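Undergrad: Provided below are the primary sequence and the corresponding predicted coordinates.
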Amino acid sequence: MKNLFDNIRSKPAGGILILFCTIQIVAILGGLLYPEHFRYLNPANIAVLLKSMSPLGIMAIGVGVLMISGEFDLSVGTLYTFCAIVTATMVKEYTLSPYLAMLVGIIVGIIAGLIHGNIVNRFTIPSFIVTLGAMLLWKGGTLLYHGAKSLRYKYESETYKTVLTGDIGVVDASFLWFIGVGIVFYFIVHHHKIGNHFFAVGGNPEAAIAIGINPKRVKLIAFAIAGGCAALSGVVAMSRVGSVQPGGGLGLELEAIAACVIGGCALMGGRGSIIGIMLGTALIYTIQDLLLLLRAPGFYFEMFVGGLIVLAVIINVTIRKRI
Amino acid sequence: MFFKKIITFVSAFVLLSFGSVKAIDKDSDQDWSDINILFLIWTAEDVEFFVPSINGAHDAAEDQGISMYMEFGDSDTAKTNDILETAIANQVDGIAMTVWDDDAFDEIVCKAVDAGIPVVLHNIDDSQRGKGNCRMAYVGQFFIETGEVIGQRMIDEHGLKAGDHVFTPVEFPEAVYAVQRHEGVNNAITANGGTTEILGTGTDHSEALNIMVQYLLGHPETKAVIGLGSTPTSVAVKAVQEAGMDIPVGGYDITPEILDNIANGSLTATVDQQPYHQGYMSVTMVAQYLKYGLLPADMNTGGTGLVDKSNVESAFKWAGTTR
Amino acid sequence: MNQINYYECKNVSKRYGNLTALDNVDFHIAKNEVVGLLGDNGAGKSTLIKMMSGVVAPDTGDVFVDGKETKISTRKQSEEIAGIETIYQNSALCDDMTIIRNIFMGREITKFFGFMDHKKMEDLSLEVLESGVHISGIDSPLKEIGALSGGQKQAVAIARAVYFKRKILLLDEPTSALSVRETERVLKYVTELKNENVSSVVVTHNLYHAFQVCDRFVVMSHGKVVFEKNKSDTNLEEVTEQVIKV
């Protein structure tokens, strides 16, 4: 048993897994014992909790893959909005099928990521700086493309509506998209050779070069993934509320980075796991949910969430260090 | 017969006299185009809310025959101060701006007024009105008063009683508009024996929706929702549905979602601060002061009226341009 | 002896602006040999190493691999044509990855569409760890490199090079960060490899270690080779003197 515990603890996602399970067990017990006062297990609550994780979760997976390779993309928040608006206008003004429009939006995100990666590679400027500039560029680009007005995103086809927002019981389609993206990238990052290269390039770039891996090429792929995931997360969020606002999404990039770090990714690269990132996202929204259910004072709410996130990171690190 | 002729003659004379009365302002031969006014929007360019305001300002400039240029303060007090310093140095003739921080603009506005440049505020005023700032007048919503109006409307229409709890979400609870609108709503509700609670939602609709659903699940005793800003009001109806509740909803501002919800009866009423008037009247007042010395006066745009099912049609018709 | 050398360079020079890093250097390394490359700082040892591994190209001179004249201008070429691999002080390993993933970094064994064959890589890693020197203390190839000691990391790096059929190892200060016991093990490993047809060039400041493991000594100073003798023809004092001499 101790061996199993140590084994879990030593993996990058180990700390967050233990923390997350502990919190869930306590919350579920609370929900069972006091169903009227603490409605954690109320179907409406489970439904909204699952729904809330998806947009940030999908974005965080992309950000995490890039972080593992040792780079950042701070523009994912504005890409989230920009690509969603592109998708919405494709449907509304160019009468594209919504599936095709979504594909167009994602491709725009991928291209944006490739542009960022190219600039970082070519001019050897830290990605933090390049994508900070890109963030402002895409923000302005959104205005240029569509002005400051929000856009309704109504469905023409019933199947598309189901594909993006339908539900089976408490599980919403957006959550399935989150899980789907997680599974795909789990296999890519942990079982494909390009995944090994992400870790090598982020963990010890000199070692990677010495072995003959091309770090620029590998990072370019990671940038493309980050951009594509940001775009998908924007479309998923837009489908949830039925509209997209220019100026939305700003700030999500920092939350995505937080989810990755909580989930065990090293800020400097070379370490992390997809499961960790997904659990990190889940933990942030679980904390938010628990605080609201426990009737934490609304006025200071953000302070509580921030404080608990820092606490979670400390606990995570402590669990890992006790090896 | 003679009497009839006299009547005709007198009528014709009267009609001709009226017909020859000129519109003094509009038909003036005087060229006012060398009057240059700065219209300053306090946020970034991508805020949808200000689109009608900007339209109003442009319409006013054209109607008044003056020149106008526009700047954006990016929610940054330092940047805004820079813009104003530059304008004063360039000898701008008049300024229409927003004071969204009680202290940061005291010095610069007084400097402008002392230099003979009239300053009229639009959208947000110093919390101490003219006592806290050198501005000549404020054209915008009187937050506290309108809070009391919407609060009272919800009480009257839905029979809220003593002990009833009302949820009042807003984008940024620490902002002046949020504090004052909440004060107004709270005045009405507590006078009726009830309670309110404020909660920050941010401007992303998807995240706001999640937070509001989770709040309602944690506070099942809530009897009504009054959004204090466009984001929470836009998603409030959906939030109530997802929380599995059936309580009335009211709020502030106009967006496509809010208008839809008023039309289908799920949202009772909204306070429309009529940004078009804010832009139009503030610029008009500055221009007419410069032309004729007419002194600007405070104006509560939107007055104490509400947009509800009875008058929502025109709001639909002109949404995004003047509404 | 009239054997064909694994690697030989003749009249090689390299200048960086006014500085002459290599001045008409002749250097060779044969099968079953460990050569000590000695000299004080700035003597030109690292430039020679870099040139051998293809990181730096010589201005003049010729290079021969297995007796044939070649041009080596990239790292990849030095690996493929001459079978050279550099073992750095930091071992070119990633601390956060397992031994398996490090061994097969960039050379992953894949099944279909590039997905890795974990089982095969694990089995081969066990082979690698057990062959050559038995790297003591490593019971599982699933351990992370970061959990190993300095000596163990060096050993893994060397084992990796050997597995991928390198013929010449360039060891740059291999023992400077190691404990006494670990140093013994690495030096023993290098000696055993010699007998398995893997030759080594050991660059070091530690003349005692050099004497333990090298068959021949080459001392450089100011870009030139100033001294070259087989171990049997010299002793520690003489070599030390040559290194210290200005």
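TA: Sure, I can see it. Numbering: from 1, shown residues only, chains lettered A, B, ... in the order given.
Undergrad: Quick check: next helix or strand after whichever strand or helix holds C:E182?
TA: C:E182 belongs to helix C:180-195 when elements are defined using DSSP states H and E. Later in the chain than helix C:180-195, the nearest helix or strand by DSSP H and E is strand C:199-203.
Undergrad: Run through who's touching that next one.
TA: C:6, C:29-38, C:45-46, C:49, C:52, C:167-174, C:190, C:193-194, C:209-210, C:213-214 (Cβ atoms under 8 Å, 6 or more residues apart in numbering or on different chains). Every residue, glycine included, has its C-beta placed from N, CA and C.
Undergrad: Kindly report the residues of the stretch 1-150 of chain B close to chain A.
TA: B:A44, B:E45, B:D46, B:V47, B:E48, B:F50, B:V51 (Cβ under 8 Å from any Cβ of the partner chain).
Undergrad: switch to 10 Å and redo it
TA: Remark: the part of the stretch 1-150 of chain B in contact with chain A comprises B:T43, B:A44, B:E45, B:D46, B:V47, B:E48, B:F49, B:F50, B:V51, B:I54, using Cβ under 10 Å from any Cβ of the partner chain.
Undergrad: quick one: contacts for the first one?
TA: Neighbouring residues of B:T43 by Cβ atoms under 10 Å, 6 or more residues apart in numbering or on different chains: A:A148, A:G247, B:F49, B:F50, B:F72, B:G73, B:D74, B:S75, B:D76, B:T98, B:W100, B:N123.
Undergrad: That one: which element?
TA: Going by DSSP H and E, B:T43 is not part of any helix or strand.
Undergrad: Can you give me the distance of it to C:E8?
TA: Distance of B:T43 to C:E8, given as Cβ to Cβ, to the nearest Å: 73 Å.
Undergrad: ok, now the third one?
TA: Taking Cβ to Cβ as the measure, B:E45 falls 69 Å from C:E8.
Undergrad: Residue in chain C with the shortest distance to chain B?
TA: Residue nearest to chain B within chain C (Cβ to the nearest Cβ): C:D96, separated by 32.6 Å.
Undergrad: what's the residue nearest to C:R15 when sequence neighbours are not counted sitting at in phi/psi?
TA: The shortest distance from C:R15 to any non-neighbouring residue, by Cβ to Cβ, 6 or more residues apart in numbering or on different chains, is to C:D59 (6.0 Å). As for C:D59, its main-chain torsions (degrees, to the nearest 10) stand at phi -80, psi -40.
Undergrad: Could you pull up the residues touching C:D59?
TA: With Cβ under 10 Å, 6+ apart, C:D59 has these contacts: C:V12, C:S13, C:K14, C:R15, C:Y16, C:T20, C:A21, C:L22.
Undergrad: C:V219 too?
TA: Contact analysis of C:V219 by Cβ under 10 Å, 6+ apart lists C:36-40, C:43, C:45, C:225-229, C:238-243, C:245.
Undergrad: which stretch of helix or strand covers A:I58?
TA: Assigned by DSSP H and E, A:I58 falls in helix A:43-68.
Undergrad: scratch that, C:I100
TA: helix C:99-103.
Undergrad: Can you tell me which helices and strands the helix or strand following that helix packs against?
TA: Per DSSP H and E, helix C:99-103 leads on to helix C:118-130 as the next helix or strand towards the C-terminus. On a contact count with 3 or more Cβ pairs under 10 Å, 6 or more residues apart in numbering or on different chains; DSSP states H and E, helix C:118-130 meets helix C:99-103, helix C:150-163.
Undergrad: Identify whichever of those helices lies nearest to B:S230.
TA: Within the helices and strands packed on helix C:118-130, the stretch nearest B:S230 is helix C:99-103; the backing value is 50.9 Å (Cβ to Cβ).
Undergrad: hey, C-alpha coordinates of that closest one in CSV?
TA: Extracted in CSV, the C-alpha atoms of helix C:99-103 (Å, rounded to 0.1, in the frame of the first residue of the first chain):
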residue,chain,number,x,y,z
ILE,C,99,15.8,6.4,-17.7
ILE,C,100,13.9,4.7,-20.5
ARG,C,101,12.8,8.0,-22.1
ASN,C,102,16.3,9.4,-21.7
ILE,C,103,18.0,6.5,-23.3
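Undergrad: any idea of the mean pLDDT for it?
TA: Helix C:99-103 comes out with an average pLDDT of 90.
Undergrad: Just list the residues touching the spatially most central residue of chain A, thanks.
TA: Here the mean C-alpha position of chain A is nearest to the C-alpha of A:A60 (Cα atoms, centre = their mean), at a distance of 2.1 Å. By Cβ under 10 Å, 6+ apart, A:A60 lies in contact with A:53, A:67, A:76, A:178, A:182, A:229, A:233, A:252-253, A:255-260, A:262-263, A:265, A:274, A:277-278, A:280-281, A:284.
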